[in-house]
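Asks: got a structure for you, letters missing:
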């Protein structure tokens, strides 16, 4: 079946613009994660959903970042009033069960460049 | 807090050479440990994992052993191929938690 998909793959925004990044997880996967990967660094956790519930948003760097998963499937990460330091690759991952230690399946990422 | 430290790259080896990429971690309790790989132009994918002390994860000729006494999870392969060229990430999840903490990644290039 299809893997995790993300759109757009590339996004260029002017500083101050709002952006919305979409993630389509693997069908039926309960858990969904967002990570931010700066150039030359490992991914860093942003937020976690179990179905439609956002159980952990401790990694969101500021209140300009907002994520939702209203029907427990597709998720959107929104960044308001983008800043240059928001430039990064945003990765979405899903896993099949709410029990720990499951493999996370990653999407290809959205590369955001803020000018 | 939790953290992962891995060998800085880039690493360049000749085909059929022996590979070691070092990884050490800091975590409370008993984390699960992972190696993820990112091939050029592709997304992150799980290479191997170990969920308790002394477990050995293995896949595609790669191996890593969960060493609690040295808080390490070094990645090894006896004979690398050009197709192993990629960026390798060591990562952990704390016990009972799914949130991955990654190292900074090691870029591996294998030359024929």
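Replies: Noted; the coordinates are in hand. If you're wondering where the values come from, they're calculated on a predicted model, not measured in any experiment. Residues are numbered from 1 along each chain as shown, chains lettered A, B, ... in the order given.

Asks: count the residues that sit near residue A:40.
Replies: Applying other CB atoms under 10 Å in any protein chain shown, we find 10 residues neighbouring residue A:40. All C-beta atoms are positioned from the backbone trio N, CA, C, and that covers glycine.

Asks: ugh, typo on my part, it should be residue A:107
Replies: Around residue A:107 there are 23 residues (other CB under 10 Å).

Asks: the spatially most central residue of chain B pairs with what?
Replies: Closest to where the C-alpha atoms of chain B average out (CA atoms, centre = their mean) is residue B:35, at 3.4 Å. Counting by DSSP bridges, residue B:35 is bridged to residue B:48, residue B:90.

Asks: now do the contacts for it.
Replies: Contact analysis of residue B:35 by CB atoms under 8 Å, 6 or more residues apart in numbering or on different chains lists B:23, B:46-49, B:57, B:62, B:64, B:73, B:75, B:88-91.

Asks: quick one: buried residues of the host helix or strand of residue A:20?
Replies: Using DSSP states H and E, residue A:20 sits in strand A:19-24. Within strand A:19-24, the residues that count as buried by 16 or more other CB atoms under 10 Å in any protein chain shown are A:19, A:21, A:23-24.

Asks: got those as TSV, with distance to chain B and pLDDT columns?
Replies: Listed next are the buried residues of strand A:19-24 as TSV, based on distance: CB to the nearest CB, whole Å; pLDDT from 0 to 100:
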residue	distance to chain B	pLDDT
A:19	20	98
A:21	15	98
A:23	12	98
A:24	13	97
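
Asks: count the neighbours of the residue of chain A found nearest chain B for me.
Replies: Residue nearest to chain B within chain A: residue A:42 (3.2 Å; CB to the nearest CB). Look at residue A:42: counted by other CB under 10 Å, it has 21 neighbours.

Asks: what's the next secondary structure element after the strand holding residue A:20?
Replies: Strand A:19-24 is succeeded, C-terminally, by strand A:31-37 (DSSP H and E).

Asks: neighbouring strands - and their directions - for that following strand?
Replies: In the sheet, strand A:31-37 lines up against strand A:44-50 (antiparallel), strand A:88-95 (antiparallel) (DSSP bridges).

Asks: mind putting those strands in a markdown table, mean pLDDT and mean neighbour count included?
Replies: Listed next are the strands paired with strand A:31-37 as a markdown table, based on pLDDT from 0 to 100; neighbours: other CB atoms under 10 Å in any protein chain shown:
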| stretch | mean pLDDT | mean neighbour count |
| --- | --- | --- |
| strand A:44-50 | 96 | 20 |
| strand A:88-95 | 96 | 23 |
